[in-house]
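*Asks:* sequence first, predicted coordinates after that:
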Amino acid sequence: MIEKIDIGKCTGCGICDLVCPADVIHMEPAPVETQVPGLRQVNLLPIIKFREHCITCFSCEIFCPEQIVDVHPSVKNRPRPW
Amino acid sequence: MVTPMLEGTLIETDVLVIGGGAGGLLAALSAKRHGPPGTRVTLVDSWLIGRTGHTAFSNAWKIVVAPDDDLDGILREIVAGNDGIADQVLVREVLANSYARLKDFEAIGMTFGRDEDGRYKRRPTRGLDLARVMYPEGGGLEFAWKLRRALEAEGVQLIDRLFVTGLLGGGSGRIAGAVGINSRSGAFHAIKARATIVATNAITFRSGFVRDITGTGTLLAYRAGASLRNAEFSYVRPGTPKFYFEGITFAIQEGAHFVNAKGEAFMRDYEPEWGDEADVPRIARAMAIENEKGNVPLYLDMSPIPEGLRDYFIQSKVKWMDYFFRKLGNEARTDMFGKTPYYALNQMTKMGIRTGADCRSDVPGLLAAGLAQAGCANHFAGFHIGLCVGNGWIAGRSAIEDLDRLPSPRLDAAEVALLHRETVAPLDAAAAAESDLILRDLQAVMFAYNIGILKKADRLEEARRQVDSLAERFKALSAPHTHELVRLKETEAMLLAAQFILGASLFRTESRLSHFREDYEARDDDRWLVWVDIAQGQGGPSFTKTPIPTPLCSAAPLDRRPTRRIARHGEDAAPVTST
């Protein structure tokens, strides 16, 4: 299950959001101080929005160009047969 | 309640393919290549095409029948391995064309391993003697991504993140496309198409590794008038509660075997011929019986595998297995497998859309590919994707033939508006997201060993009542956002599928393949060499028998003994010459 994204090192490229097949990671506007009066600065950064639906497929970690996503290999939400 | 205003996007195409796994990717490629210049082909998937679905997360092992292989022998063993539940004409064509597809894959940049003499590296697979399987370098992620790139290069329109919520009938007695929503923004789309191919996999209960596959397209096809079949069969595979392990088949060929809590290697007691190399329905049944005997937990003993081969199986061909292995470190070595309990868990049903060998459904303009097509009820390791590759190709070709054969589709504005209303009706920003609660209870009913594997009439009837009650509870649910709306639609389809699975399981009063009835233990070819077809009837689904034709070979069990492979370390049996 996804543990964390090191936001301090994130470039906001959005690949983790794109490749997630379970809609767990969403790119959302981060609060940024406007540097030029009159311009609205938008920085998109990933948030782990639906962690409980992570399927532990590692896609976000595999494809992150900065290697700042950490998925733990244990599956914590798998059903049992009895 | 205020009627939501219809607002969205209309797209027009010739061939619409729904689902971006092996079946859908190949259907789109086939349609583009079979169609005259200018043919518009559109492929949609609820997430990112090439990075989602069962194919992308698999090793992408696939059966390839080389020119000097025994094609009819392989057909015969696949039919026997399906206990007769196979469309022989379709399977033969899939096998016969598999080598040409291999060449297509190489032409778009995939690489398949060869030995030092230049021959393809191939392996046998469990439950089959003659068939050989092979995989592309990089496994499913590379397979799916290279196909995505090829489709882009050949001019197929790709639409990511489109979750299809309904098929359009247009009031003209044929399918005229589909409607859906962007799975992130919720934006509504209608796609008018002259042919529509459903390739959304078989339905799952979010249990297997790839829990983003939910197979909802088959249920949309049912609602649009198509028949479904093979609901009583399932793919229940050994797994662990802690992690996923792709490659059990090949680990077993190298000596791994299941043991029970007493340390007994139990598979030979149930399958004297195949032992641990039996195919998964038979292992699942043995595991369920061991559970009833109180012999659990069960383990996979990897210790007989030579040290040098362990990494090969654990790391596998898929990148996520590599990450998994590396991050678990030493814990992931043999000890991990030796000390982790295994159980049999339903990965997917085998219910698909009833079609002919041409992949056309009973409804004009609607075709099926991949595991959404009910060509077989048992797929072995390597035949799952092999069949999807083959029937995808056939479906794409049939769709192109239909462009001239069928009258033009037309859109019915009232129908589009109705489907839009139905799609967005559950949205309520103030609601709680509770479909997971229903799903959890549904899993508990359907995964119970004495419902899903070892079946009996009274227990199936009781499970049916429980599912009916869950369906009632479900009606009160709403979705606060698009994420939950998609899950809600998927859960709704799972509830309907559960009703079909239980109904078909009650209907088939014999035991066959993954369908084990305690009250009808024997296989009965006189009465039950049939498909159980499910169609909309008066007041609910109707279950009927369709005799299975056997034009090419017998459906009887094979009378020869299987080849033992265990402990033939690392050999690729019967390698083929490359051409």
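*Replies:* In hand now; what should we look at? Just so we're clear, the structure is a prediction, and the values are computed from it rather than from any experiment. Numbers count the residues shown, from 1 in each chain, chains lettered A, B, ... in the order given.
*Asks:* so B:Thr42 lies in a strand, does it not?
*Replies:* Yes - per DSSP: H, G, I helix; E, B strand; the rest coil, B:Thr42 lies within a strand segment.
*Asks:* surely it is in contact with B:Leu151?
*Replies:* No - applying Cβ atoms under 8 Å as the test, B:Thr42 and B:Leu151 come out as separate, 10.3 Å apart. For every residue, glycine as well, the C-beta is placed using N, CA and C.
*Asks:* now the common contact residues for these two.
*Replies:* Counting by Cβ atoms under 8 Å, 6 or more residues apart in numbering or on different chains, the shared contacts of B:Thr42 and B:Leu151 are B:Leu158.
*Asks:* give the contact list for B:Gly23.
*Replies:* B:Gly23 neighbours (Cβ under 8 Å, 6+ apart): B:199, B:201, B:369-373, B:388-389, B:391-392, B:395.
*Asks:* pLDDT check: weakest of those?
*Replies:* Lowest pLDDT among the contacts of B:Gly23: B:Asn201, with 92.
*Asks:* measure how buried B:Leu6 is and give me the count.
*Replies:* For B:Leu6, the neighbour count with other Cβ atoms under 10 Å in any protein chain shown is 15.
*Asks:* so it, which state does it fall into?
*Replies:* Strictly by three-state DSSP, B:Leu6 counts as coil.
*Asks:* residues contacting it?
*Replies:* By Cβ under 8 Å, 6+ apart, the residues touching B:Leu6 are B:188, B:416-417, B:420.
*Asks:* sketch out the low-pLDDT regions of chain A for me.
*Replies:* Applying pLDDT under 70 to chain A flags the ranges A:77-78, A:80-82.
*Asks:* so which of the contacts of B:Leu6 comes closest to chain A?
*Replies:* B:Phe188 (17.8 Å; Cβ to the nearest Cβ).
*Asks:* per-residue pLDDT, that closest one?
*Replies:* Residue-level pLDDT assigned to B:Phe188 equals 98.
*Asks:* wait, it sits on B:Thr423?
*Replies:* Yes - the pair formed by B:Phe188 and B:Thr423 meets the contact definition of Cβ under 8 Å, at 6.8 Å.
*Asks:* pull up the overlap in contacts between those two.
*Replies:* B:179-181.
*Asks:* inside strands: which ones of those?
*Replies:* Counted as lying in strands by DSSP state E, out of these, are B:179-181.
*Asks:* any chance you could map the helices in the stretch 151-300 of chain B?
*Replies:* Here the stretch 151-300 of chain B has its helices, by DSSP state H, counting those that start in this stretch, at B:216-223, B:248-253, B:267-270, B:280-292.
*Asks:* get me the contact residues on the stretch 451-579 of chain B for chain A.
*Replies:* B:452, B:483, B:486-487 (Cβ under 8 Å from any Cβ of the partner chain).
*Asks:* ok, now how distant is the residue nearest to B:Leu95 when sequence neighbours are not counted from B:Gly118?
*Replies:* Excluding the flanking residues, the one nearest B:Leu95 by Cβ to Cβ, 6 or more residues apart in numbering or on different chains is B:Val65, at 4.6 Å. According to Cβ to Cβ, to the nearest Å, B:Val65 and B:Gly118 sit 19 Å apart.
*Asks:* ok, B:Ala107 next?
*Replies:* Note on B:Ala107: its distance to B:Gly118, by Cβ to Cβ, is 18 Å.
*Asks:* likewise for B:Arg523?
*Replies:* Separation of B:Arg523 from B:Gly118 (Cβ to Cβ): 44 Å.
*Asks:* please identify which of these two sits among more neighbours.
*Replies:* A count of neighbours by other Cβ under 10 Å puts B:Arg523 above the other of B:Arg523 and B:Gly118, at 16 against 8.
*Asks:* need the three-state assignment for the more buried one.
*Replies:* B:Arg523 ends up coil, using three-state DSSP.
*Asks:* for B:Ala368, name its beta-bridge partners.
*Replies:* As for beta bridges, B:Ala368 partners with B:Val198 under DSSP bridges.
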